[in-house]
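*Asks:* Got a sequence here, can you model it:
(2 chains)
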Amino acid sequence: MTVMTQGRAERLIDANLLEALTVPARQGDYPRESRAFVRIDTSLRIYWHTLFDICPGLLELSSPDGLSIFRPFMAWAADEGLSLNWTYYLWVDVWLRRSPFAGRVTPELRLSLIGASAARWATGDRSEAGGIVLSGLDAADLVCGWKARSIDAGRQIERIELEDPLPAAPEPFGFFTVPGGELDGGFPGWTPIPR
Amino acid sequence: MKIGFNFTLGETLPLVRSLLASGRIDYVELLIDNFLAIPEEELAAGFDVPVGFHIMFSKFIENDAVALDSLASRLRRLIDRMSPLYVSDHVARFTHDGRQLYHLAEIDYAADYGRVRERVDWWQQRLGRRLFLENYPSILDGGHDAPAFFERLCRDTGCGVLFDASNAVCAHLNCGVPLEAWDGIIDAASHFHTAGYNLSILQPHLVLDTHDRALSDATMAFLESRRERFDTPGATMTYERDDNFDELDIASDLDRLRALFADDAVAPPVERAAP
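*Replies:* Next up is the predicted model:
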(Lines give C-alpha, C1' and ligand atoms only; values in the text may rest on other atoms or scores of the structure.)
Protein backbone atom coordinates (compact mmCIF):
# COMPACT_ATOMS: atom_id res chain seq x y z
CA MET A 1 0.00 0.00 0.00
CA THR A 2 1.16 3.50 -0.74
CA VAL A 3 0.87 6.22 1.83
CA MET A 4 -0.64 9.23 0.11
CA THR A 5 1.35 12.05 1.59
CA GLN A 6 3.41 13.08 -1.37
CA GLY A 7 3.43 16.72 -2.30
CA ARG A 8 1.86 17.97 0.92
CA ALA A 9 3.08 21.49 1.45
CA GLU A 10 1.43 22.42 4.71
CA ARG A 11 -0.72 20.91 7.41
CA LEU A 12 -4.34 20.75 6.35
CA ILE A 13 -7.15 19.44 8.53
CA ASP A 14 -10.84 18.89 7.90
CA ALA A 15 -11.75 21.93 10.00
CA ASN A 16 -9.96 24.13 7.45
CA LEU A 17 -12.41 23.04 4.76
CA LEU A 18 -15.72 23.17 6.59
CA GLU A 19 -16.93 26.27 4.73
CA ALA A 20 -16.36 24.52 1.40
CA LEU A 21 -17.80 21.07 2.07
CA THR A 22 -21.32 22.12 1.04
CA VAL A 23 -20.57 24.79 -1.56
CA PRO A 24 -19.50 23.68 -5.05
CA ALA A 25 -18.13 27.09 -5.96
CA ARG A 26 -15.67 26.94 -3.07
CA GLN A 27 -14.05 23.84 -4.52
CA GLY A 28 -12.40 26.12 -7.06
CA ASP A 29 -10.48 27.82 -4.25
CA TYR A 30 -8.17 24.80 -4.23
CA PRO A 31 -5.90 23.39 -6.95
CA ARG A 32 -7.48 20.61 -8.97
CA GLU A 33 -4.68 18.18 -8.06
CA SER A 34 -4.79 18.90 -4.33
CA ARG A 35 -6.13 16.66 -1.59
CA ALA A 36 -8.35 19.52 -0.45
CA PHE A 37 -10.06 19.56 -3.85
CA VAL A 38 -10.70 15.82 -3.69
CA ARG A 39 -11.85 16.03 -0.06
CA ILE A 40 -14.43 18.67 -1.02
CA ASP A 41 -15.44 16.66 -4.07
CA THR A 42 -16.00 13.62 -1.85
CA SER A 43 -18.30 15.67 0.35
CA LEU A 44 -20.24 17.20 -2.52
CA ARG A 45 -20.77 13.84 -4.21
CA ILE A 46 -22.79 12.64 -1.22
CA TYR A 47 -25.23 15.54 -1.65
CA TRP A 48 -25.39 14.78 -5.38
CA HIS A 49 -26.14 11.09 -4.87
CA THR A 50 -28.57 11.82 -2.06
CA LEU A 51 -30.55 13.92 -4.53
CA PHE A 52 -30.28 12.19 -7.89
CA ASP A 53 -30.14 8.55 -6.73
CA ILE A 54 -33.40 9.05 -4.86
CA CYS A 55 -35.09 11.30 -7.44
CA PRO A 56 -33.64 10.21 -10.81
CA GLY A 57 -36.44 12.06 -12.59
CA LEU A 58 -34.44 15.24 -11.97
CA LEU A 59 -31.87 14.04 -14.48
CA GLU A 60 -34.53 14.22 -17.20
CA LEU A 61 -34.77 17.96 -16.59
CA SER A 62 -31.10 18.68 -16.40
CA SER A 63 -27.94 17.78 -18.19
CA PRO A 64 -27.07 14.09 -17.72
CA ASP A 65 -24.63 14.94 -14.94
CA GLY A 66 -27.30 16.88 -13.08
CA LEU A 67 -24.94 19.79 -12.53
CA SER A 68 -27.26 22.36 -14.11
CA ILE A 69 -29.56 21.70 -11.16
CA PHE A 70 -27.07 20.71 -8.49
CA ARG A 71 -24.62 23.58 -8.63
CA PRO A 72 -27.10 26.48 -8.72
CA PHE A 73 -29.29 24.82 -6.11
CA MET A 74 -26.38 24.30 -3.71
CA ALA A 75 -25.25 27.89 -4.27
CA TRP A 76 -28.77 29.14 -3.52
CA ALA A 77 -29.00 26.87 -0.48
CA ALA A 78 -25.76 28.36 0.84
CA ASP A 79 -26.98 31.91 0.24
CA GLU A 80 -30.25 31.12 1.99
CA GLY A 81 -28.50 29.38 4.89
CA LEU A 82 -30.51 26.18 4.41
CA SER A 83 -29.67 23.46 6.89
CA LEU A 84 -29.80 20.60 4.34
CA ASN A 85 -31.63 18.56 6.95
CA TRP A 86 -34.59 16.31 6.10
CA THR A 87 -36.13 19.16 4.13
CA TYR A 88 -33.36 19.01 1.51
CA TYR A 89 -35.67 17.74 -1.25
CA LEU A 90 -38.47 20.15 -0.38
CA TRP A 91 -36.17 23.11 -0.89
CA VAL A 92 -35.02 21.60 -4.18
CA ASP A 93 -38.68 21.65 -5.18
CA VAL A 94 -38.95 25.29 -4.10
CA TRP A 95 -35.86 26.20 -6.10
CA LEU A 96 -37.01 24.28 -9.16
CA ARG A 97 -40.33 26.11 -9.26
CA ARG A 98 -38.43 29.42 -9.37
CA SER A 99 -35.82 28.20 -11.83
CA PRO A 100 -35.65 28.00 -15.63
CA PHE A 101 -36.86 24.40 -15.18
CA ALA A 102 -40.15 25.52 -13.62
CA GLY A 103 -42.27 24.80 -16.69
CA ARG A 104 -41.06 21.20 -16.84
CA VAL A 105 -41.60 20.23 -13.21
CA THR A 106 -44.33 17.60 -13.24
CA PRO A 107 -46.60 16.64 -10.33
CA GLU A 108 -44.91 13.22 -10.33
CA LEU A 109 -41.49 14.78 -9.91
CA ARG A 110 -42.76 17.05 -7.15
CA LEU A 111 -44.29 14.07 -5.35
CA SER A 112 -41.01 12.18 -5.59
CA LEU A 113 -39.26 15.08 -3.89
CA ILE A 114 -41.89 15.39 -1.17
CA GLY A 115 -41.80 11.64 -0.57
CA ALA A 116 -38.01 11.70 -0.42
CA SER A 117 -38.09 14.31 2.32
CA ALA A 118 -40.67 12.30 4.24
CA ALA A 119 -38.40 9.26 3.94
CA ARG A 120 -35.35 11.21 5.05
CA TRP A 121 -37.23 12.36 8.13
CA ALA A 122 -38.39 8.81 8.85
CA THR A 123 -34.86 7.42 8.75
CA GLY A 124 -32.99 10.30 10.33
CA ASP A 125 -35.25 11.82 12.95
CA ARG A 126 -34.36 10.84 16.52
CA SER A 127 -37.29 12.42 18.34
CA GLU A 128 -40.07 10.38 19.92
CA ALA A 129 -42.42 11.06 17.02
CA GLY A 130 -43.41 8.04 14.94
CA GLY A 131 -44.44 9.75 11.75
CA ILE A 132 -44.50 12.98 9.80
CA VAL A 133 -47.25 14.41 7.63
CA LEU A 134 -46.28 16.79 4.86
CA SER A 135 -48.53 18.97 2.80
CA GLY A 136 -48.64 17.63 -0.73
CA LEU A 137 -49.66 19.02 -4.06
CA ASP A 138 -52.86 20.60 -2.79
CA ALA A 139 -54.96 20.95 0.36
CA ALA A 140 -56.44 17.45 0.05
CA ASP A 141 -53.10 15.78 -0.56
CA LEU A 142 -50.84 14.53 2.24
CA VAL A 143 -47.56 12.66 2.16
CA CYS A 144 -46.72 10.68 5.29
CA GLY A 145 -43.45 9.17 6.41
CA TRP A 146 -43.46 6.46 9.08
CA LYS A 147 -40.46 5.24 11.02
CA ALA A 148 -39.71 1.52 10.97
CA ARG A 149 -42.12 -0.21 13.37
CA SER A 150 -40.66 -3.70 13.07
CA ILE A 151 -37.13 -5.08 12.84
CA ASP A 152 -37.89 -6.68 9.47
CA ALA A 153 -39.42 -3.55 7.93
CA GLY A 154 -38.07 -0.23 6.80
CA ARG A 155 -39.66 3.19 6.88
CA GLN A 156 -42.92 3.55 5.00
CA ILE A 157 -44.04 6.39 2.77
CA GLU A 158 -47.73 6.85 2.15
CA ARG A 159 -49.80 9.29 0.12
CA ILE A 160 -53.24 10.13 1.42
CA GLU A 161 -55.97 12.00 -0.40
CA LEU A 162 -58.50 13.45 2.03
CA GLU A 163 -62.19 13.73 1.34
CA ASP A 164 -62.29 16.79 3.59
CA PRO A 165 -59.20 18.90 2.95
CA LEU A 166 -57.20 20.29 5.84
CA PRO A 167 -56.70 24.02 6.16
CA ALA A 168 -54.21 25.32 3.66
CA ALA A 169 -50.60 24.68 4.66
CA PRO A 170 -48.11 27.52 4.91
CA GLU A 171 -45.94 28.11 1.87
CA PRO A 172 -43.86 26.44 0.66
CA PHE A 173 -44.77 23.40 2.77
CA GLY A 174 -46.22 22.59 6.14
CA PHE A 175 -45.78 19.56 8.33
CA PHE A 176 -46.84 18.03 11.59
CA THR A 177 -45.61 14.98 13.43
CA VAL A 178 -47.63 12.22 15.03
CA PRO A 179 -46.60 10.11 18.01
CA GLY A 180 -47.46 6.64 16.81
CA GLY A 181 -47.70 4.82 13.55
CA GLU A 182 -51.14 5.98 12.48
CA LEU A 183 -52.87 9.16 11.47
CA ASP A 184 -55.57 9.03 14.09
CA GLY A 185 -54.73 11.78 16.53
CA GLY A 186 -56.47 14.68 14.85
CA PHE A 187 -54.94 17.69 13.17
CA PRO A 188 -52.58 19.68 15.42
CA GLY A 189 -52.07 22.45 12.88
CA TRP A 190 -49.36 23.02 10.32
CA THR A 191 -45.80 24.02 11.15
CA PRO A 192 -43.76 25.68 8.40
CA ILE A 193 -40.86 23.52 7.31
CA PRO A 194 -37.51 24.52 8.78
CA ARG A 195 -34.94 26.12 6.58
CA MET B 1 -12.73 -13.10 19.87
CA LYS B 2 -16.45 -12.77 19.29
CA ILE B 3 -17.23 -11.94 15.68
CA GLY B 4 -20.28 -9.80 14.91
CA PHE B 5 -22.09 -8.09 12.06
CA ASN B 6 -23.79 -4.71 11.93
CA PHE B 7 -27.54 -4.58 11.50
CA THR B 8 -28.69 -1.20 10.29
CA LEU B 9 -31.79 -1.74 8.16
CA GLY B 10 -34.79 -4.02 8.19
CA GLU B 11 -34.09 -5.27 4.70
CA THR B 12 -30.82 -6.89 5.78
CA LEU B 13 -32.48 -8.99 8.48
CA PRO B 14 -32.51 -12.19 6.35
CA LEU B 15 -28.76 -11.79 5.78
CA VAL B 16 -28.11 -11.31 9.49
CA ARG B 17 -30.23 -14.35 10.34
CA SER B 18 -28.38 -16.41 7.74
CA LEU B 19 -24.99 -15.40 9.17
CA LEU B 20 -26.20 -16.37 12.63
CA ALA B 21 -27.59 -19.70 11.44
CA SER B 22 -24.31 -20.59 9.76
CA GLY B 23 -22.38 -19.80 12.92
CA ARG B 24 -20.35 -17.11 11.21
CA ILE B 25 -21.26 -14.49 13.78
CA ASP B 26 -21.64 -14.63 17.54
CA TYR B 27 -23.50 -11.38 18.12
CA VAL B 28 -25.31 -8.60 16.27
CA GLU B 29 -24.40 -4.94 16.45
CA LEU B 30 -27.54 -2.84 16.23
CA LEU B 31 -27.33 0.67 14.84
CA ILE B 32 -29.60 1.27 17.72
CA ASP B 33 -30.94 4.71 16.93
CA ASN B 34 -32.41 3.38 13.69
CA PHE B 35 -34.72 1.12 15.68
CA LEU B 36 -36.14 3.35 18.37
CA ALA B 37 -39.69 3.32 17.01
CA ILE B 38 -39.85 -0.47 17.23
CA PRO B 39 -41.67 -1.81 20.29
CA GLU B 40 -39.09 -2.66 22.95
CA GLU B 41 -40.46 -6.16 23.36
CA GLU B 42 -40.02 -6.93 19.68
CA LEU B 43 -36.50 -5.53 19.56
CA ALA B 44 -35.47 -7.40 22.70
CA ALA B 45 -36.86 -10.63 21.28
CA GLY B 46 -35.34 -10.06 17.86
CA PHE B 47 -32.13 -12.02 18.41
CA ASP B 48 -31.23 -14.85 20.74
CA VAL B 49 -27.57 -13.86 20.76
CA PRO B 50 -25.85 -10.90 22.47
CA VAL B 51 -26.13 -7.49 20.87
CA GLY B 52 -23.98 -4.39 20.77
CA PHE B 53 -25.46 -0.89 20.60
CA HIS B 54 -23.84 1.44 18.08
CA ILE B 55 -25.27 4.97 18.16
CA MET B 56 -24.93 6.79 14.86
CA PHE B 57 -26.86 10.04 15.00
CA SER B 58 -26.97 11.24 18.58
CA LYS B 59 -24.61 14.06 17.53
CA PHE B 60 -23.88 14.28 21.24
CA ILE B 61 -21.11 16.85 20.78
CA GLU B 62 -23.39 19.25 18.89
CA ASN B 63 -26.99 18.44 19.76
CA ASP B 64 -29.08 20.33 22.31
CA ALA B 65 -29.62 18.95 25.78
CA VAL B 66 -33.38 18.51 25.45
CA ALA B 67 -33.08 16.33 22.35
CA LEU B 68 -30.26 14.32 23.90
CA ASP B 69 -32.12 13.82 27.18
CA SER B 70 -35.05 12.42 25.23
CA LEU B 71 -32.80 10.13 23.24
CA ALA B 72 -30.88 9.02 26.31
CA SER B 73 -34.02 8.08 28.21
CA ARG B 74 -35.13 5.79 25.38
CA LEU B 75 -31.66 4.31 24.96
CA ARG B 76 -31.38 3.67 28.71
CA ARG B 77 -34.57 1.66 28.70
CA LEU B 78 -33.15 -0.53 25.96
CA ILE B 79 -29.75 -0.75 27.64
CA ASP B 80 -31.37 -1.88 30.88
CA ARG B 81 -33.54 -4.39 29.08
CA MET B 82 -31.05 -5.84 26.60
CA SER B 83 -27.70 -5.47 28.42
CA PRO B 84 -25.66 -4.87 25.27
CA LEU B 85 -22.04 -5.96 25.05
CA TYR B 86 -21.12 -2.29 24.58
CA VAL B 87 -22.61 1.09 23.82
CA SER B 88 -20.67 3.10 21.27
CA ASP B 89 -20.93 6.47 19.56
CA HIS B 90 -18.97 8.73 17.23
CA VAL B 91 -16.55 11.62 17.61
CA ALA B 92 -17.09 13.61 14.44
CA ARG B 93 -18.61 16.81 13.08
CA PHE B 94 -22.15 16.30 11.82
CA THR B 95 -22.89 19.95 11.08
CA HIS B 96 -21.12 23.17 10.35
CA ASP B 97 -22.71 26.53 10.91
CA GLY B 98 -26.11 24.87 11.11
CA ARG B 99 -25.66 22.94 7.86
CA GLN B 100 -25.67 19.17 7.81
CA LEU B 101 -22.51 17.48 6.59
CA TYR B 102 -23.55 14.36 4.69
CA HIS B 103 -19.95 13.17 4.70
CA LEU B 104 -19.03 13.62 8.34
CA ALA B 105 -15.96 15.73 9.05
CA GLU B 106 -13.12 15.09 11.45
CA ILE B 107 -13.01 17.32 14.48
CA ASP B 108 -10.07 19.57 15.29
CA TYR B 109 -8.63 17.39 18.04
CA ALA B 110 -6.65 20.21 19.64
CA ALA B 111 -9.20 23.00 19.49
CA ASP B 112 -12.23 20.85 20.29
CA TYR B 113 -10.79 18.79 23.14
CA GLY B 114 -12.40 20.69 26.01
CA ARG B 115 -15.84 20.66 24.43
CA VAL B 116 -15.64 16.97 23.55
CA ARG B 117 -14.44 16.01 27.01
CA GLU B 118 -17.31 17.91 28.62
CA ARG B 119 -19.86 16.28 26.31
CA VAL B 120 -18.46 12.78 26.76
CA ASP B 121 -18.73 13.17 30.53
CA TRP B 122 -22.30 14.42 30.15
CA TRP B 123 -23.39 11.83 27.59
CA GLN B 124 -21.97 8.93 29.61
CA GLN B 125 -23.84 10.22 32.63
CA ARG B 126 -27.09 10.41 30.68
CA LEU B 127 -26.67 6.93 29.22
CA GLY B 128 -25.61 5.46 32.55
CA ARG B 129 -22.95 3.44 30.82
CA ARG B 130 -19.33 3.61 29.87
CA LEU B 131 -19.23 4.81 26.29
CA PHE B 132 -16.92 3.51 23.58
CA LEU B 133 -16.05 6.10 20.96
CA GLU B 134 -15.07 5.25 17.41
CA ASN B 135 -11.97 6.66 15.76
CA TYR B 136 -12.56 8.59 12.51
CA PRO B 137 -11.18 7.40 9.15
CA SER B 138 -8.91 10.39 8.77
CA ILE B 139 -8.46 11.94 5.35
CA LEU B 140 -6.31 14.96 6.11
CA ASP B 141 -3.46 15.74 8.47
CA GLY B 142 -5.59 16.14 11.57
CA GLY B 143 -5.53 12.37 11.83
CA HIS B 144 -2.05 12.57 13.32
CA ASP B 145 -3.56 14.04 16.46
CA ALA B 146 -6.18 11.31 16.88
CA PRO B 147 -4.30 8.61 18.83
CA ALA B 148 -3.09 11.01 21.54
CA PHE B 149 -6.52 12.65 21.64
CA PHE B 150 -8.27 9.35 22.34
CA GLU B 151 -5.70 8.31 24.94
CA ARG B 152 -6.21 11.61 26.77
CA LEU B 153 -9.99 11.43 26.43
CA CYS B 154 -10.06 7.92 27.90
CA ARG B 155 -7.86 9.01 30.79
CA ASP B 156 -9.94 12.08 31.56
CA THR B 157 -13.45 10.67 31.15
CA GLY B 158 -13.16 6.92 31.66
CA CYS B 159 -14.62 6.29 28.23
CA GLY B 160 -13.19 3.62 25.95
CA VAL B 161 -12.40 3.48 22.28
CA LEU B 162 -14.35 1.41 19.81
CA PHE B 163 -11.27 0.94 17.71
CA ASP B 164 -12.02 0.68 14.01
CA ALA B 165 -9.04 -1.11 12.51
CA SER B 166 -9.81 -0.24 8.91
CA ASN B 167 -10.37 3.40 9.86
CA ALA B 168 -6.82 3.39 11.22
CA VAL B 169 -5.63 1.90 7.92
CA CYS B 170 -7.50 4.66 6.04
CA ALA B 171 -5.75 7.26 8.21
CA HIS B 172 -2.42 5.55 7.59
CA LEU B 173 -2.91 5.53 3.84
CA ASN B 174 -4.35 9.03 3.61
CA CYS B 175 -2.10 10.98 5.91
CA GLY B 176 0.58 8.62 7.10
CA VAL B 177 -0.55 8.13 10.70
CA PRO B 178 1.67 5.23 11.80
CA LEU B 179 -0.32 2.13 12.65
CA GLU B 180 1.83 1.60 15.72
CA ALA B 181 0.59 4.96 17.05
CA TRP B 182 -2.59 3.08 17.92
CA ASP B 183 -0.96 0.26 19.86
CA GLY B 184 -1.72 1.76 23.26
CA ILE B 185 -5.34 2.25 22.23
CA ILE B 186 -5.61 -1.32 20.94
CA ASP B 187 -4.10 -2.70 24.14
CA ALA B 188 -6.72 -0.88 26.20
CA ALA B 189 -9.64 -1.65 23.88
CA SER B 190 -11.99 -4.62 23.83
CA HIS B 191 -14.38 -3.65 21.07
CA PHE B 192 -13.37 -3.35 17.45
CA HIS B 193 -14.76 -2.63 14.00
CA THR B 194 -13.49 -3.51 10.59
CA ALA B 195 -14.81 -2.99 7.05
CA GLY B 196 -13.87 -2.51 3.44
CA TYR B 197 -12.91 0.83 1.98
CA ASN B 198 -12.61 2.31 -1.49
CA LEU B 199 -10.72 5.02 -3.34
CA SER B 200 -12.14 8.43 -4.17
CA ILE B 201 -13.29 8.99 -7.73
CA LEU B 202 -10.82 11.80 -8.33
CA GLN B 203 -7.07 11.79 -7.98
CA PRO B 204 -4.99 12.20 -5.94
CA HIS B 205 -6.91 9.29 -4.49
CA LEU B 206 -8.20 9.43 -0.97
CA VAL B 207 -9.12 6.25 0.87
CA LEU B 208 -12.76 6.40 1.93
CA ASP B 209 -14.46 4.30 4.58
CA THR B 210 -17.24 2.99 2.33
CA HIS B 211 -18.24 -0.32 3.98
CA ASP B 212 -19.12 -1.67 0.55
CA ARG B 213 -16.51 -4.30 -0.26
CA ALA B 214 -14.20 -6.94 1.12
CA LEU B 215 -11.52 -6.24 3.67
CA SER B 216 -8.30 -5.02 2.12
CA ASP B 217 -5.04 -6.91 2.34
CA ALA B 218 -3.68 -3.99 4.33
CA THR B 219 -6.44 -4.31 6.91
CA MET B 220 -5.94 -8.06 7.20
CA ALA B 221 -2.19 -7.55 7.56
CA PHE B 222 -2.80 -5.00 10.31
CA LEU B 223 -5.07 -7.39 12.18
CA GLU B 224 -2.65 -10.29 11.73
CA SER B 225 0.31 -8.27 12.90
CA ARG B 226 -1.47 -7.48 16.16
CA ARG B 227 -3.60 -10.55 16.61
CA GLU B 228 -2.70 -10.98 20.27
CA ARG B 229 -3.28 -7.33 21.04
CA PHE B 230 -6.79 -7.49 19.57
CA ASP B 231 -7.79 -10.92 20.82
CA THR B 232 -8.17 -10.52 24.57
CA PRO B 233 -10.87 -11.98 26.84
CA GLY B 234 -14.26 -10.45 26.09
CA ALA B 235 -13.11 -8.82 22.87
CA THR B 236 -15.56 -8.24 20.01
CA MET B 237 -14.90 -7.56 16.33
CA THR B 238 -17.82 -6.23 14.30
CA TYR B 239 -17.62 -6.56 10.54
CA GLU B 240 -19.49 -3.63 8.99
CA ARG B 241 -21.21 -3.70 5.61
CA ASP B 242 -23.60 -0.94 4.53
CA ASP B 243 -23.82 -1.54 0.79
CA ASN B 244 -23.28 -4.33 -1.74
CA PHE B 245 -24.77 -7.00 0.51
CA ASP B 246 -23.26 -9.96 -1.31
CA GLU B 247 -23.61 -12.78 1.19
CA LEU B 248 -20.82 -14.93 -0.25
CA ASP B 249 -18.44 -12.00 -0.17
CA ILE B 250 -19.42 -11.13 3.39
CA ALA B 251 -19.22 -14.76 4.51
CA SER B 252 -15.75 -15.04 3.02
CA ASP B 253 -14.54 -12.04 5.03
CA LEU B 254 -16.14 -13.36 8.20
CA ASP B 255 -14.44 -16.70 7.64
CA ARG B 256 -11.10 -14.94 7.26
CA LEU B 257 -11.66 -13.12 10.54
CA ARG B 258 -12.82 -16.33 12.23
CA ALA B 259 -9.70 -18.16 11.04
CA LEU B 260 -7.44 -15.34 12.13
CA PHE B 261 -8.87 -15.25 15.63
CA ALA B 262 -9.39 -19.00 16.04
CA ASP B 263 -8.13 -20.29 19.37
CA ASP B 264 -5.58 -22.53 17.68
CA ALA B 265 -4.42 -20.01 15.11
CA VAL B 266 -0.69 -19.48 15.08
CA ALA B 267 -0.03 -15.87 15.87
CA PRO B 268 2.44 -14.26 13.51
CA PRO B 269 5.17 -12.14 15.04
CA VAL B 270 4.07 -8.61 15.89
CA GLU B 271 5.41 -6.27 13.29
CA ARG B 272 4.36 -3.19 11.41
CA ALA B 273 1.81 -3.87 8.66
CA ALA B 274 3.55 -3.86 5.32
CA PRO B 275 2.77 -0.70 3.37
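*Asks:* Model confidence for residue A:63, exactly?
*Replies:* What the model reports as pLDDT for residue A:63 is 86.
*Asks:* ok, now which ones touch it?
*Replies:* The contact partners of residue A:63, by Cβ atoms under 8 Å, 6 or more residues apart in numbering or on different chains, come to none. Where you see a C-beta, it was placed from the backbone N, CA and C, and this is true even at glycine.
*Asks:* try 10 Å
*Replies:* Applying Cβ atoms under 10 Å, 6 or more residues apart in numbering or on different chains, we find residue A:63 in contact with A:69-70.
*Asks:* Give me the distance between it and residue A:71.
*Replies:* Separation of residue A:63 from residue A:71 (Cβ to Cβ, to the nearest Å) stands at 10 Å.
*Asks:* Contacts only, for the spatially most central residue of chain A.
*Replies:* Closest to where the C-alpha atoms of chain A average out (Cα atoms, centre = their mean) is residue A:88, at 2.3 Å. Neighbour list for residue A:88: A:47, A:50-51, A:54, A:73, A:77, A:82, A:113, A:116-117, A:120, B:100, B:102 [criterion: Cβ under 10 Å, 6+ apart].
*Asks:* low-confidence ranges in chain A?
*Replies:* Low-confidence segments of chain A, defined by pLDDT under 70: A:1-9.
*Asks:* where do the strands sit along it?
*Replies:* In chain A, the segments counted as strands under DSSP state E are A:131-135, A:141-146, A:156-161, A:174-178, A:191-192.
*Asks:* Tabulate those (JSON lines), appending mean neighbour count.
*Replies:* Shown next, in JSON lines, are the strands of chain A (neighbours: other Cβ atoms under 10 Å in any protein chain shown):
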{"stretch": "strand A:131-135", "mean neighbour count": "24"}
{"stretch": "strand A:141-146", "mean neighbour count": "23"}
{"stretch": "strand A:156-161", "mean neighbour count": "14"}
{"stretch": "strand A:174-178", "mean neighbour count": "19"}
{"stretch": "strand A:191-192", "mean neighbour count": "12"}
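*Asks:* do the helix or strand harbouring residue B:103 and chain A meet at all?
*Replies:* Using DSSP states H and E, residue B:103 falls within strand B:99-105. Yes: using Cβ under 10 Å from any Cβ of the partner chain, strand B:99-105 reaches chain A at B:99-105.
*Asks:* Okay, now the sheet partners of that strand, with direction.
*Replies:* strand B:93-96 (antiparallel) (DSSP bridges).
*Asks:* Return the member of the contacts of residue A:88 nearest to residue B:114.
*Replies:* residue B:100 (24.2 Å; Cβ to Cβ).
*Asks:* Which stretches in chain B count as helices?
*Replies:* B:13-21, B:40-44, B:65-82, B:113-127, B:146-157, B:165-175, B:183-188, B:217-225, B:227-230, B:247-260 (DSSP state H).
*Asks:* picking up where we left off before, any idea how far the residue nearest to the centre of chain A lies from residue A:45?
*Replies:* Taken as Cβ to Cβ, the span from residue A:88 to residue A:45 is 15 Å.
*Asks:* Residue B:16 too?
*Replies:* For residue B:16 relative to residue A:45 (Cβ to Cβ), the value is 29 Å.
*Asks:* Which one of those two is surrounded by more residues?
*Replies:* Neighbour totals were compared for residue B:16 and residue A:45, and residue B:16 leads with 21 against 16 (other Cβ atoms under 10 Å in any protein chain shown).
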